[in-house]
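1. My questions concern the predicted model and sequence given below.
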Amino acid sequence: MYRLATAISRGLVPRAAYTLCFGSLSPLTLSPVRTLCISVSLSAAQPQHDSSSTPTPSHKSNTSNRWKPMCLYHTHGMCTMLDDPAHLEKFSHSCSDEFRVDISKLVNKQPQDFDYFLVLDLEGKVEILEFPVVLVDAKTTRIVDLFHRFVRPSKMSEQRINEYIEGKYGKLGVDRVWHDTSISFEETLQQFEVWLAQHHLWGKELGGHLNRSAFVTCGNWDVKTKIPQQCNVSKMKLPSYFMEWINLKDVYLNFYKRRASGMITMMRELQIPSFGSHHLGIDDAKNITRVLQRMLADGARIQITAKRISLDNVEFLFENRIR
Ligand SMILES: [Zn+2]
């Protein structure tokens, strides 16, 4: 309650600053890969009445169509400024606008093993600090919903947490919203299960497994390594829904016959512009979602790439995979 009250009592007018850089886009360029990168830094909650806080895109664009950072209080169900036009102009409160899908372009789409994908991209090296999940409809490739929680480490002193968050999120300008909203990992998973159940994707009657859906990650680290580590630190049993997952890099390798070291490489090769701040989990999860949407449209079958046999033993299902 204290944190909620603190958030509400503060004047929350966020700030965003954008820089964009475009590589060679000459029509004479024959290379299939063009360089296109957009980097954005944002601050989700800055003090009010700061005249320098107007977002300043370095290119001219239609204001109503330009990309906006998400209100990270809103993703936590804690935005108190929904009736403030200036706030709504600066911050997105729905990601449907930035993920418009033209269904008529999905002619190559293949049948999928799952009805929904859960794109997950954890942040936090020592303990998990952020748990963002984008729910994607496998048929339409549309975004159905977002789940986003900042996670408070359980085994660190307050001083260590403050230093850790300042170093990790301070430069992205979201350290205050992290402090205002973060909850324990245990509470995060409890809320995540409620969210999954609301979407009929999980239930105790299913043995705790996912229903018609699967996690999609960029690499194996998130589900193979970090989730079990954090469960151990938080003294929790590993939930049954973390027993299998889809490493998008392995699907990418087998579908496009090209090796991609990470999300940025996949986006560059597929000429997908990236938005937001790299290593802000919610933005990375949305950028991985953009890659997934393209792969679905291109006709890739997004299949399970790894299954956990036991806590320490994982079976990889693709012969060609990124090691
Ligand atoms: Zn808001």
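-> Great, that's in hand.
2. Which residue ranges of the chain form helices?
-> Remark: helices assigned in the chain by DSSP state H are 2-9, 85-90, 158-169, 175-181, 185-198, 227-233, 248-256, 263-269, 281-298.
3. Confirm for me that residue 236 is in contact with residue 186.
-> Yes: if you go by Cβ atoms under 8 Å, residue 236 and residue 186 touch, sitting 5.9 Å apart. The way it works is simple: take the backbone N, C-alpha and C, and place the C-beta from them, glycine included.
4. wait, which of the helices of the chain is closest to the ion?
-> The ion lies closest, by Cβ to the ion, to one member of these: helix 85-90, at 5.6 Å.
5. List the buried residues for that closest one?
-> 87, 90 (16 or more other Cβ atoms under 10 Å).
6. From the chain's centre, how far out is it? Work that out for me.
-> Its chain's C-alpha centre lies 23 Å from the corresponding centre of helix 85-90 when counted by Cα atoms, centre = their mean, to the nearest Å.
7. Residue 99 touches residue 142, doesn't it?
-> Yes: with contacts counted by Cβ under 8 Å, residue 99 reaches residue 142, the gap being 7.0 Å.
8. Sheet partners, orientation included, of the longest strand along the chain?
-> Looking across the chain with DSSP state E, the single longest strand is strand 143-152. In the sheet, strand 143-152 lines up against strand 130-137 (antiparallel), strand 183-184 (parallel) (DSSP bridges).
9. can you give me the angle it makes with helix 158-169?
-> 140 degrees (axes from the mean of the first three to the mean of the last three Cα atoms, to 10 degrees).
10. let's have the chain start at 216 instead
-> All right, first residue 216 from here; so that's strand 358-367.
11. centre of the chain versus strand 358-367, how much separation?
-> 8 Å.
12. same check, this time on stretch 294-302
-> 23 Å.
13. Looking at it now, give me its mean pLDDT.
-> Averaged over stretch 294-302, pLDDT sits at 96.
14. Mean pLDDT lowest where, among the helices of the chain?
-> Taking the mean pLDDT of the helices of the chain, helix 217-224 comes last: a mean of 39.
15. My guess is residue 394 contacts residue 384. True?
-> No: the criterion here is Cβ under 8 Å, and residue 394 misses it with residue 384 at 9.1 Å.
16. Which of the two has more residues huddled nearby?
-> Ranked by neighbour count (other Cβ atoms under 10 Å), residue 394 and residue 384 place residue 384 first, with 24 against 18.
17. give the contact list for the more buried one.
-> 344, 390, 393, 495 (Cβ atoms under 8 Å, 6 or more residues apart in numbering).
18. The ion contacts on this protein?
-> 286, 289, 294, 296 (Cβ under 5 Å from the ion).
19. okay, now the second one: neighbour count?
-> Per other Cβ under 10 Å, the neighbour tally for residue 289 reads 20.
20. quick one: it and residue 308 touch, right?
-> Yes: Residue 289 sits in contact with residue 308 when judged by Cβ under 8 Å, with a separation of 4.9 Å.
21. Overlap of the contact sets of the two?
-> Counting by Cβ under 8 Å, 6+ apart, the residues touching both residue 289 and residue 308 are residue 297.
22. Spatially central, which residue of this structure would that be?
-> residue 500 (2.1 Å; Cα atoms, centre = their mean).
23. In this structure that residue contacts residue 351, no?
-> No: at 10.4 Å, residue 500 does not count as touching residue 351 under the criterion of Cβ under 8 Å.
24. which one of the residues of the chain next to the ion has the most neighbours?
-> Counting neighbours by other Cβ under 10 Å, residue 286 leads the residues of the chain next to the ion with 24 neighbours.
25. which one is that residue nearest to, not counting chain neighbours?
-> residue 306 (3.9 Å; Cβ to Cβ, 6 or more residues apart in numbering).
26. do the same with residue 502
-> residue 489 (4.8 Å).
27. Contacts for stretch 358-367, please.
-> So stretch 358-367 is contacted by 287, 290-291, 310-311, 314, 331, 339, 342-352, 376, 392-393, 396-400, 403, 406-407, 410, 414, 496-497, 504 (Cβ under 8 Å, 6+ apart).
28. which of those residues are buried?
-> 287, 290-291, 310, 314, 331, 339, 342-351, 376, 392-393, 396-398, 400, 403, 406-407, 410, 414, 496-497, 504.
29. got the angle for the longest strand of the chain vs helix 496-513?
-> Using the same axes, to 10 degrees: strand 358-367 against helix 496-513 is 150 degrees.
30. Of the helices of the chain, give the one that comes closest to residue 536.
-> Residue 536 sits nearest to helix 463-471 of all the helices of the chain, at 4.4 Å, using Cβ to Cβ.
31. just checking, what packs against the closest one?
-> Judged by 3 or more Cβ pairs under 8 Å, 6 or more residues apart in numbering; DSSP states H and E, the packing partners of helix 463-471 are helix 478-484, helix 496-513.
32. again, 10 Å this time
-> Packed against helix 463-471 by the contact rule (3 or more Cβ pairs under 10 Å, 6 or more residues apart in numbering; DSSP states H and E) you find strand 428-432, helix 478-484, helix 496-513.
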